[in-house]
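A.B. asks: sequence and computational prediction follow.
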Amino acid sequence: MTDPRKSDWPASVAICAPSGNDAPTLARLFRKWGAWVSICASAEDVVAAVSDEALTLLVFTEEVLETWADPLAAALGAQPGWSDLPSIVLSSEAMRAGAGRQWRFLRRFANLTVLQRPCSADLLYAAFESACRARAWQYTVRAQMQNLQAAAALLEQRVQERTTQLLEEVETRKRAESALAEARKLEALGRLTGGVAHDFNNLLQVVQGSATLLPLVKPGSEAFQRALQAIERATARGAKLTQQLLAFGRRQALAAGPLDIESQLDAMADLLRQSLREQTVLRLEVAPGLWQADADPTQLEVALLNLVVNARDALPRGGQVVLDAHNLTLPSAQVDTGTDLRGDFVWLSVADNGTGMAPEVARHAFEPFFTTKQVGAGTGLGLSQVHGFACQSGGTAWIDTTPAGTTVSILLPRSGRTAAQAAESAAAPGLAPMQDLRVLYVEDDPEVAEAGLALLGVVGCKAHLVPDAAAALEQPLREFDLVFSDVMMPGEMDGIDLARALRNSHPGLPVLLASGYAVASERLAGLDIVMLAKPYSREALGQAIARLVPAVRTRAA
């Protein structure tokens, strides 16, 4: 009988018989049957034999249960999962004292055969053959387990390789998407740059042509007045263009405050209807109990007009436009804004039943100067203003479009104050007398300074010009009624830093700041100043200074 894995190997038998002549006698029998035999003379020999996976059979006499039972049980218990070593115990009828306890201890080992001593050679040989067959099956199981382990290791390796491959593909995709996003940004930037250059070149052409014409015509004549009016219109268009660009970049100066949306929509209803074609019906749907929003009313009006005009262009043969307003608390199952906004908002939406936008168009719709209209039919700044205004106000905007129509939605944050409270806190005096008002004017740009000095003179102020904040702080500030400064200036201090320094050194000195973009609100906290948006007209400058006149009088008293 041999190991079925290797037919040239004989069966291996370990004999443990410490008493008498049992071990040599048993060894001769098993060698006669073709087995390789080892005799265990100590507990260490028993443990070593059982630990050898090539062992086919363990034969021991009952004396071992008294002397080496513990190490034998430990060795048998430490076998690998596939192994259940066949064992033959030779026992006489007369049991020695204490042997019963050892038998109970070994009873948990199932592959145990007990033969009566003395036993016939045929009976021992039959037990030997049975043990060899059982061990052969165990070797087969071992081989299968090894194959399974190898297959499992191969599978794990392939899973790891595929996982690594997938991670590389994901990284490659991310890089490609990032490159595509950058390309789209560059495309949008190119469109923005080209659109700005085109529009401003048109405005500059008007200004240049009118400025060239003025010296050639009689002052005060109709041609002279037309040239001046053309320059004023071009200036106004340029200011509007920059405001739209600032809205897209979320850098416009907003006059945010509690806004009664329902009243605003009622007041705008006629204007919005006039913006549509006669065949198009405008329907207002305002939910009862609509909250007040924290928003700039002028910018909201511009945004809604832009949306209604876009809806009109999507309905060349007429149709229906629905302007809806209701309350919304985020997060909400009602809508997924694609942002992590939370809290109370007023949801405004303008929906048309036109043909809808193509996915590619909707994807770029909020980009500046992106338009599908013909040249001269639109600037492509309407939706970018809407998105910028909504985001800068603390909300968001998004587009839902299908072949059955398009809906553009705006979320504006709910106001924490009432309109009455805002009106009371923002109440400004009318155009109070400003004759001989002493103004410290801080402006680094010579041409802007020249125009500013002229406007200050027109509204009745006496101005002293300094180029930066450091020079302003060196002036005898007690001799001035107010400080009028630009925000962006060279040097270590800008206009806001100047205002903060003045608050510390001259708390009662009124400060007026001018800026062409939005200033971070946290920087203005506690300064109690008046902001003026660039470019400003004579009227806007006069109204801003008039708001500071009461503070000037209080300081002079």
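C.D. replies: Here it is on my side, so go on.
A.B. asks: run a quick neighbour tally on residue 27.
C.D. replies: Counted with other C-beta atoms under 10 Å, the neighbours of residue 27 add up to 18. Quick note: C-beta positions are derived from backbone N, CA and C, even for glycine.
A.B. asks: could I get the contacting residues of it?
C.D. replies: For residue 27, the contacting residues are 15, 37, 39, by C-beta atoms under 8 Å, 6 or more residues apart in numbering.
A.B. asks: unless I'm mixing things up, residue 228 is touching residue 210, no?
C.D. replies: Yes - using C-beta atoms under 8 Å, residue 228 is in contact with residue 210, at 7.3 Å.
A.B. asks: what about the residue lying closest to residue 239 once chain neighbours are set aside, which SS state?
C.D. replies: Leaving out its chain neighbours, the residue that sits closest to residue 239 by C-beta to C-beta, 6 or more residues apart in numbering is residue 535, at 5.0 Å. For residue 535, the assignment made with DSSP: H, G, I helix; E, B strand; the rest coil gives coil.
A.B. asks: roughly how far does residue 535 sit from residue 313?
C.D. replies: 30 Å (C-beta to C-beta, to the nearest Å).
A.B. asks: and if you look at residue 477?
C.D. replies: Residue 477 is 55 Å from residue 313, by C-beta to C-beta.
A.B. asks: looking at these two, which is more packed in?
C.D. replies: residue 313 (17 against 14).
A.B. asks: which pLDDT value belongs to the more buried one?
C.D. replies: If you check residue 313, the pLDDT there is 83.
A.B. asks: with residue 443 instead?
C.D. replies: For residue 443, the model assigns a pLDDT of 93.
A.B. asks: give me phi/psi at the closest residue to it other than its chain neighbours?
C.D. replies: Distance criterion C-beta to C-beta, 6+ apart; nearest residue to residue 443, sequence neighbours excluded, is residue 449 at 4.1 Å. The phi/psi pair for residue 449 (degrees, to the nearest 10) reads phi -60, psi -40.
A.B. asks: likewise residue 217?
C.D. replies: Taking degrees, to the nearest 10 as the convention, residue 217 sits at phi -120, psi 160.
A.B. asks: hmm, residue 228 and it touching each other?
C.D. replies: No - counting by C-beta under 8 Å, residue 217 stays clear of residue 228, with 10.5 Å between them.
A.B. asks: find residues that contact each of the two.
C.D. replies: Counting by C-beta under 8 Å, 6+ apart, nothing touches both residue 217 and residue 228.
A.B. asks: who has more neighbours out of residue 228 and residue 210?
C.D. replies: Between residue 228 and residue 210, counting by other C-beta under 10 Å, residue 210 is the more crowded of the two (20 against 12).
A.B. asks: could you pull up phi and psi at the more buried one?
C.D. replies: Torsion angles, degrees, to the nearest 10, at residue 210: phi -70, psi -40.
A.B. asks: so what's it up against?
C.D. replies: 227-228, 230-231, 234.
A.B. asks: how about a cut-off of 7 Å?
C.D. replies: 227, 230-231 (C-beta atoms under 7 Å, 6 or more residues apart in numbering).
A.B. asks: what's the first helix or strand after the lowest-mean-pLDDT helix or strand in the chain?
C.D. replies: Counting by mean pLDDT, DSSP states H and E, the chain has its least confident helix or strand at helix 419-426, which shows a mean of 46. Under the assignment DSSP states H and E, the closest C-terminal helix or strand after helix 419-426 is strand 437-442.
A.B. asks: list the buried ones in that next one?
C.D. replies: By 16 or more other C-beta atoms under 10 Å, the buried positions in strand 437-442 come out as 437, 439-442.
A.B. asks: dump those residues to TSV, plus distance to residue 136.
C.D. replies: Shown next, in TSV, are those (distance: C-beta to C-beta, whole Å):
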residue	distance to residue 136
437	114
439	110
440	107
441	107
442	102
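A.B. asks: farthest-separated two in those residues?
C.D. replies: 437 and 442 (15.8 Å; C-beta to C-beta).
A.B. asks: if you average pLDDT over the helix or strand hosting residue 140, what comes out?
C.D. replies: Using DSSP H and E, residue 140 falls within helix 121-213. Averaged across helix 121-213, pLDDT comes to 84.
A.B. asks: could you report the distance from residue 356 to residue 405?
C.D. replies: Where residue 405 is concerned, residue 356 sits at a distance of 6 Å (C-beta to C-beta).
A.B. asks: oh, that last question was meant for residue 282, not what I typed.
C.D. replies: Note on residue 282: its distance to residue 405, by C-beta to C-beta, is 14 Å.
A.B. asks: likewise residue 492?
C.D. replies: 55 Å.
A.B. asks: now do residue 75
C.D. replies: Between residue 75 and residue 405 the computed distance is 83 Å (C-beta to C-beta).
A.B. asks: pLDDT below threshold where in the stretch 301-450 of the chain?
C.D. replies: The stretch 301-450 of the chain contains residues with pLDDT under 70 at 368-382, 417-435.
A.B. asks: now do the helices in it.
C.D. replies: Taking DSSP state H, counting those that start in this stretch as the criterion, the stretch 301-450 of the chain carries its helices at 359-364, 382-392, 419-426, 446-458.
A.B. asks: among those, which is nearest residue 153?
C.D. replies: Closest among the helices of the stretch 301-450 of the chain, once you apply C-beta to C-beta, is helix 359-364, at 47.4 Å.
A.B. asks: mind listing what's buried along that closest one?
C.D. replies: residue 364.
A.B. asks: so how far is it off the chain centroid?
C.D. replies: How far helix 359-364 lies from its chain's middle: 21 Å, per C-alpha atoms, centre = their mean, to the nearest Å.
A.B. asks: likewise stretch 539-556?
C.D. replies: On C-alpha atoms, centre = their mean, the centre of stretch 539-556 falls 45 Å from the chain's centre.
A.B. asks: send the alpha carbons of that stretch over as CSV?
C.D. replies: Presented in CSV, the C-alpha positions along stretch 539-556 are these (Å, rounded to 0.1, in the frame of the first residue of the first chain):
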residue,chain,number,x,y,z
GLU,A,539,-26.9,112.3,-9.3
ALA,A,540,-25.6,109.1,-7.7
LEU,A,541,-22.6,110.9,-6.2
GLY,A,542,-24.8,113.7,-4.8
GLN,A,543,-27.2,111.2,-3.3
ALA,A,544,-24.4,109.3,-1.6
ILE,A,545,-22.9,112.4,-0.1
ALA,A,546,-26.3,113.6,1.0
ARG,A,547,-26.7,110.4,3.1
LEU,A,548,-23.5,111.5,5.0
VAL,A,549,-24.6,115.1,5.6
PRO,A,550,-26.3,114.3,8.9
ALA,A,551,-23.1,112.7,10.2
VAL,A,552,-21.2,115.7,9.0
ARG,A,553,-23.5,118.0,11.0
THR,A,554,-23.3,115.8,14.1
ARG,A,555,-19.5,115.9,13.9
ALA,A,556,-19.5,119.7,13.5
